[in-house]
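Student: sequence plus the predicted model coming up.
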Amino acid sequence: MSTIAAISTPNAVGGISVIRISGENSIEIAEKIFRSTSGKKVAEMNGYTCAHGIVVDRDGSQIDEVILSVFKSPKSYTGEDVVEISCHGGIYITKKILRLVLESGASLAEAGEFTKRAFLNGKLSLTQAEAVIDLISASGQNEFKYAIALKDGAIFRRIDKIKSRIISVLVDLSAWADFPEDDIPEVDPDNLLKTLKDIYHELDETNKTYDYGRIIREGINTVIAGKPNVGKSTLMNCLSGFERSIVTDIAGTTRDIVEETVQLGDIKLRLSDTAGIRNTDDIVENIGVNLAFKRIYEADLVLALFDNSVELTDEDLQLIKKLSDKKVVAIINKSDEKSMIDRRVIDDNFKYVVEISAKNNDGIDRLVDAVNKMFIREDIDAEKGIIANERQKNCIVKAQSLVEQSINALEQGELLDAITVLLDEAAGYLLELTGEKVSDTVIDEVFSKFCIGK
Amino acid sequence: MSFEMGKYDVIVVGGGHAGVEASLAAARLGCKTAMFTISLDQIANLPCNPSIGGTAKGHLVREIDALGGEMGRAADACLIQSRMLNRGKGPAVHSLRAQADRVKYHNYMKRVCELQENLDIKQAEIKEIIVENDVVKGVITSLGAIYYAKTVIISTGTYLRSTIHIGESSYDSGPDAALPAKGLDECLKKHGIELRRFKTGTPCRAHRRSIDFSVLEEQKGDDDIVPFSFETDKSTIKNLVSCYTAYTNEETHRIIKENLHRSPMYSGRIEGIGPRYCPSIEDKVVRFADKERHQIFVEPMGLDTDECYLQGISTSLPEDVQIKFLRTVKGFENIEIMRPAYAIEYECCDPTQLRSTLEFKTIRGLFGAGQFNGTSGYEEAAAQGLVAGINAANLVLGREMLILDRASSYIGTLIDDLVIKGCQDPYRMMTSRSEYRLILRQDNADQRLMPIGYKIGLVSEERYNRLQQKIEEIEQELKRVNRLNIAPSKELNKFLIEKGTSPLSTGCKLSDLIRRPQLDYSTLSQFDVEREEHSDEVCEQINLRIKYDGYIKKQLDHIEYMRKFESKLLPHDLDYTQIRGLRLEAIEKLNKLKPENIGQASRISGVSPADISILVVWLEQKGRQNAS
């Protein structure tokens, strides 16, 4: 059985989210992305123990602070080796960790698959089998409906186009290998390489739409930050039309962070108001400040508020430092009051600066413009199709990696039969989204494209 | 008037390439076997190309040989030219192709059959299959002779109710003017077997002296011949002839187009479905109108004849048009046709009615093999014949049936495709049909299949021991090469630079050097002083195993994964409407095809991963219920 992974907590903002990995490689996969605080390897951990540490991406940079739990076969829910990563609950971070797990070798679990495995490994009783079947059947029907709906979509056409290009390469390679005596154009490695690089590029472009698509669908994870009394709450109320539209309480952190969704022009913001940033000895308040920094770290967009009426404080400078590699709109509030702020510092540090008066509801349109300018990407044409879910993303990433391998193999001078096998698999991942089979598709094309035969 | 004439374990209907392999296998496994053929002079006839092998087909022949079949040895014995196709395109697609002497091939196979213990050869047309209570009981000939049998294999090739079309003329006939089989098709339908009509064709044969070879391109055989059979001593085979290439031209195409209305293909008189990879010249000219020329290969039909086969221009145009368009070809100005080209239609079965053992799902003891199962080609036929013969014998002897899975062989892939996907036109093997082609190479067919042939009883102890020694030698040498450290030296670095690869600054494993595309196992021998002498075959295996190591491992992982599903067997009599949760489309397909196992079920179009999950859970549930 392959190793599977999925987010096993509801797909919503919660206190903690759990990513579950099950299968014989789960420990090995966890090892690739987890650095424990104690320095202990995942493989050294006993079953039913957990470790504190961080999840890192391929460059080694920290994604989140997590608790990792290990369950050794057969003493686990599925009866296989299971690793569970409990992270801090944001949808974005949770999905990012899942994506890392998938990129490290796990496959995305089908709906009901953990339960299915539990049953197959004798962990569930016979009477529970019916429930397992119902679960799989229901999700299978849904997926089927979804696949049919997908066929009309732009993303389907986009993937289909890339798929056709790979198939076309495979057709040339197959015809050339299977009909060596027929009058078929030779496959030129240089042309092939060029085509493969094009295909790689197209996959890459498609892949990039995922984050953009997420922003369109789920909204931009936005944090309003600034020192106390700079006008954060006023801005929040101002943006949400005085009434809070959707309020989601976050367990354990209700004290200072409020989340709601507002529509700004073409863009949806998921707004969090944070505790005021200041140095404090108050333990409770300090938690709020730390949490604010954490939210800033996770955010797609920070609306950094500064007070026009006073000089920049240490807290302001500390905030500016934290924002160095973030997408930020610097907002100078209280534009209606006498300016005391050092504008140069703000202008030097931020590309987008707007002046508003939250109190008078003035300048909000300039803020909307700035945000739209930042996020409506001209290089991504939404009409061409945007990856809609983790499954599509997963297939594209795998296809992309195989095309990359085939490019490397070709550049190293490896023979074309090996390249063909890699591309076969790449096409397989794209065809998975439409339920076709590679070899049939290729062979049908060979016969229609080439004049072959004795 | 009927009368009883004998009793057999296995009866084979047809003496073509499928029938011969089936008969020999069954007889060799100790079954009392009879092979029936409409004419003894058509046994193992080559009515189309005088050649054996080709891409993927060459793989099949080597696999047949490794399992203990006859085709490889016969091809080596009758070979007049040999080539390894696709050299330079990678070992997975290397394929052997040989020109064979047509008459000699027939004589060789007929003689092997005659000499085979337990095998009777009989000239007769089978009109009827006796079936009682869904179990096969025997056959009845057109003369009324009844032969009882425990198993019957149908391998009627292109003979079943066959019709030949040449231009405006059509007549009932088998290939090469043999009699067609009439009546058996009605009997099969009566027993509930679905038949369909396929079509194939062959080009004309011309007299050698009427061709001007001086203006054609010569195509010689390989200097270094690789035999088909792992048993053949390669010093015994030589190239004896050349083939030649000619080309059609615009004038040829003009004549063909002007006379399309006289082709039965275009007038609609032929209803059978032709093979896509073997289009007639009129098809090529119409469908690929922008092509200025098409190739024609001139292949000698044998050493004792002046007949030449003209590959590439099969047609059903009338004789006068055939000669007219041929004479426009450079070198063919004075060509004389000896046998005209023709199209032939015949009855064959829908192979999804078969199990992977090639036994019909609905009739115990009745098997199908060869072109009757919807394939095309001598090699595809022989491969199925061998499997059907083995399994008929297994059934008689009460042994476990042989099922070759896709990961084991091209033979397994061929049969799996047939019984699961079926075929819409005559099925030809291609390397692109195998997802495991880096493992299923023609060079390792012996390692893959000879142990199976030995276990079945078709491969001798001696041959099997030789294979074991070869494998041992390969494994030992691989171990050594993977361990051996090579230190950088002036000579080595000079050599590496000459070969266009980077010099060494620190030591490395010999296998790492072999893995470099510019180098191989043999060329590095001078830097490997401890190396012992190995045969060419062993050297080739070592080289490939190291070079393709990463890919091989990857494919082996896929295979391991696939085999887990392949080993979950589904009952033959399962009614899928009884399983909760399956989608309607899946139920219909599964009930029609009755797959052997979960792996096969997953390859059926219209069966989704969720359906497969449900089957897996259902199987487990059932298993536990039975256990408790």
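Tutor: In hand now; what should we look at?
Student: make it CA atoms for all contacts and neighbour counts henceforth
Tutor: Fine.
Student: could you count how many residues lie near the closest residue in space to B:Q424 that isn't next to it in sequence?
Tutor: In this structure, B:Q424 finds its nearest non-sequential neighbour in B:I273, 7.8 Å apart by CA to CA, 6 or more residues apart in numbering or on different chains. Neighbour count for B:I273, taken as other CA atoms under 10 Å in any protein chain shown: 16.
Student: so what's B:I273 scoring on pLDDT?
Tutor: pLDDT, B:I273: 84.
Student: now it: phi and psi?
Tutor: Torsion angles at B:I273 (phi, psi; degrees, to the nearest 10) stand at phi -90, psi 120.
Student: shouldn't it be in contact with B:Y427?
Tutor: No - if you go by CA atoms under 8 Å, B:I273 and B:Y427 don't touch, sitting 11.2 Å apart.
Student: which parts of the stretch 101-250 of chain B are helices?
Tutor: Secondary structure of the stretch 101-250 of chain B (DSSP state H, counting those that start in this stretch): helices located at B:102-115, B:184-190, B:250-258.
Student: adding mean pLDDT, distance to chain A and mean neighbour count, write these out as TSV.
Tutor: Below are the helices of the stretch 101-250 of chain B laid out as TSV (pLDDT from 0 to 100; distance: least, CA to the nearest CA, whole Å; neighbours: other CA atoms under 10 Å in any protein chain shown):
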stretch	mean pLDDT	distance to chain A	mean neighbour count
helix B:102-115	98	18	19
helix B:184-190	97	29	16
helix B:250-258	96	14	17
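Student: and the stretch 151-300 of chain A, which residues reach chain B?
Tutor: A:S174, A:A177, A:D178, A:F179, A:P180, A:D182, A:D183 (CA under 8 Å from any CA of the partner chain).
Student: that older thread, beta partners for the residue nearest to B:Q424?
Tutor: B:F198 (DSSP bridges).
Student: helix or strand: which one has the residue nearest the centre of chain A?
Tutor: The residue lying closest to the centre of chain A (CA atoms, centre = their mean) is A:K96, at 4.6 Å. Here A:K96 sits within helix A:91-103, counting by DSSP states H and E.
Student: quick one: contacts for residue 101?
Tutor: Using chain A. A:V101 makes contact with A:A5, A:I29, A:A30, A:I33 under the criterion CA atoms under 8 Å, 6 or more residues apart in numbering or on different chains.
Student: the intended chain is chain B.
Tutor: B:P50, B:C78, B:L79, B:I80, B:M301, B:G302, B:L303.
Student: residue contacts, the closest residue to it other than its chain neighbours?
Tutor: Nearest residue to B:D101, sequence neighbours excluded (CA to CA, 6+ apart): B:G302, at 4.0 Å. Residues near B:G302 by CA under 8 Å, 6+ apart: B:P50, B:I80, B:A100, B:D101, B:R102, B:V103, B:K104.
Student: neighbours of the first one, just the number please.
Tutor: Yep, that's B:P50 we're talking about. Residues near B:P50, counting by other CA under 10 Å: 23.
Student: pLDDT at it, what is it?
Tutor: 97.
Student: look at A:S272 and give its secondary structure.
Tutor: strand (DSSP: H, G, I helix; E, B strand; the rest coil).
Student: touching, it and A:S233? I think so.
Tutor: No - contact criterion CA under 8 Å: A:S272 and A:S233 do not qualify, at 10.1 Å.
Student: which one of these two is surrounded by more residues?
Tutor: Per other CA under 10 Å, whichever of A:S272 and A:S233 has more neighbours is A:S272, with 27 against 16.
Student: now the strand ranked longest in chain A - C-alpha only, CSV.
Tutor: In chain A, assigned by DSSP state E, the strand with the most residues is strand A:62-71. Taking C-alpha atoms only, strand A:62-71 is exported to CSV below (Å, rounded to 0.1, in the frame of the first residue of the first chain):
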residue,chain,number,x,y,z
GLN,A,62,10.3,27.3,9.0
ILE,A,63,6.6,26.9,8.1
ASP,A,64,5.1,26.3,11.5
GLU,A,65,5.8,25.2,15.0
VAL,A,66,4.1,21.8,15.5
ILE,A,67,3.6,18.7,17.7
LEU,A,68,4.3,15.5,15.8
SER,A,69,2.9,12.2,17.1
VAL,A,70,4.0,8.8,16.0
PHE,A,71,1.9,5.6,16.1
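Student: flag every buried residue along it.
Tutor: Across strand A:62-71, burial judged by 16 or more other CA atoms under 10 Å in any protein chain shown covers A:I63, A:D64, A:E65, A:V66, A:I67, A:L68, A:S69, A:V70, A:F71.
Student: and stretch A:92-110, by the same measure?
Tutor: For stretch A:92-110, by 16+ other CA under 10 Å, it's A:92-95, A:97-110.
Student: what segments of the stretch 51-200 of chain B are strands?
Tutor: For the stretch 51-200 of chain B, the strands defined by DSSP state E, counting those that start in this stretch cover B:51-53, B:79-85, B:95-100, B:119-123, B:126-132, B:135-141, B:145-154, B:163-166, B:169-172, B:195-202.
Student: how about these, which one is nearest B:D417?
Tutor: strand B:195-202 (17.7 Å; CA to CA).
Student: mind saving the C-alpha coords of that closest one as CSV?
Tutor: Backbone C-alpha positions of strand B:195-202 (Å, rounded to 0.1, in the frame of the first residue of the first chain) are rendered in CSV as follows:
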residue,chain,number,x,y,z
LEU,B,195,-18.6,-13.4,-33.3
ARG,B,196,-17.6,-10.4,-35.4
ARG,B,197,-16.2,-9.8,-38.8
PHE,B,198,-12.6,-8.5,-39.2
LYS,B,199,-10.7,-7.9,-42.4
THR,B,200,-7.0,-8.0,-43.3
GLY,B,201,-5.1,-7.9,-46.5
THR,B,202,-1.9,-8.9,-48.2
